[in-house]
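A.B. asks: Fold the following, please.
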Amino acid sequence: MPAYLIARAIVTDSDGYATYSVDVPTIVDRFTGRFLARGGRTIGLEGPDFDGRIVIIEFPDLVAVERFYNSTEYQSLKRRREPFGMVEFIAVEGI
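C.D. replies: Got it, this is the predicted structure:
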């Protein structure tokens with residue numbers, strides 16, 4: 001069953017964040033992920049406004065999401081990203 005990694009990011013330094021985001025696709029691909037949304041324009045329809053970046057990545061299942069997120073490769077990138085913003089991640093099974 002497919003699973004989706006959803007990220008909400010508040011970027012505080014866009015130049016610094018770009019050094020992280022340029023390397024993410026290679027690792028996502030290595031762990032069989034596929035970007036569905038990556039920081040495009042958003043429109044709030046209900047609830048509090050969110051003026052940040054939204055990313056949605058599809059993986060084959062939740063195990064693949066966890067392998068990606070917990071991988072040495074991604075954890076190294078995560079440490080590079082942390083000074084440049086705050087990110088929340090959630091993984092959810094699809095249908």
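A.B. asks: other SSEs contacting the least confident helix or strand in the chain by mean pLDDT?
C.D. replies: Least confident helix or strand, the chain: helix 14-21 with a mean of 93, by mean pLDDT, DSSP states H and E. Packing partners of helix 14-21 (3 or more C-beta pairs under 8 Å, 6 or more residues apart in numbering; DSSP states H and E): helix 72-81. In this view, the C-beta of every residue, glycine as well, is placed from N, C-alpha and C.
A.B. asks: Name the residues that touch the least confident helix or strand of the chain?
C.D. replies: Residues outside helix 14-21 that contact it (C-beta atoms under 8 Å, 6 or more residues apart in numbering) are 9, 11, 39, 77, 80-81, 83-85.
A.B. asks: closest to residue 92 among those?
C.D. replies: Nearest to residue 92, judged by C-beta to C-beta, of those is residue 9 at 17.3 Å.
A.B. asks: where does that closest one land on pLDDT?
C.D. replies: Note on residue 9: pLDDT of 96.
A.B. asks: Could you please name the strands the helix or strand where it lies pairs with and the direction of each pair?
C.D. replies: Assigned by DSSP states H and E, residue 9 falls within strand 3-11. In the sheet containing strand 3-11, its partner strands are strand 53-59 (antiparallel), strand 85-93 (antiparallel), by DSSP bridges.
A.B. asks: CA atoms only for that strand - export them in PDB, please.
C.D. replies: Below are the C-alpha coordinates for strand 3-11, written out as PDB (Å, rounded to 0.1, in the frame of the first residue of the first chain):
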ATOM      1  CA  ALA A   3       2.500   5.800   1.800                       C
ATOM      2  CA  TYR A   4       3.100   9.500   1.700                       C
ATOM      3  CA  LEU A   5       5.700  11.600   3.500                       C
ATOM      4  CA  ILE A   6       4.200  15.000   4.100                       C
ATOM      5  CA  ALA A   7       6.500  17.900   5.200                       C
ATOM      6  CA  ARG A   8       5.600  21.400   6.300                       C
ATOM      7  CA  ALA A   9       8.700  23.700   6.300                       C
ATOM      8  CA  ILE A  10       9.200  27.200   7.600                       C
ATOM      9  CA  VAL A  11      12.300  28.300   5.900                       C
END
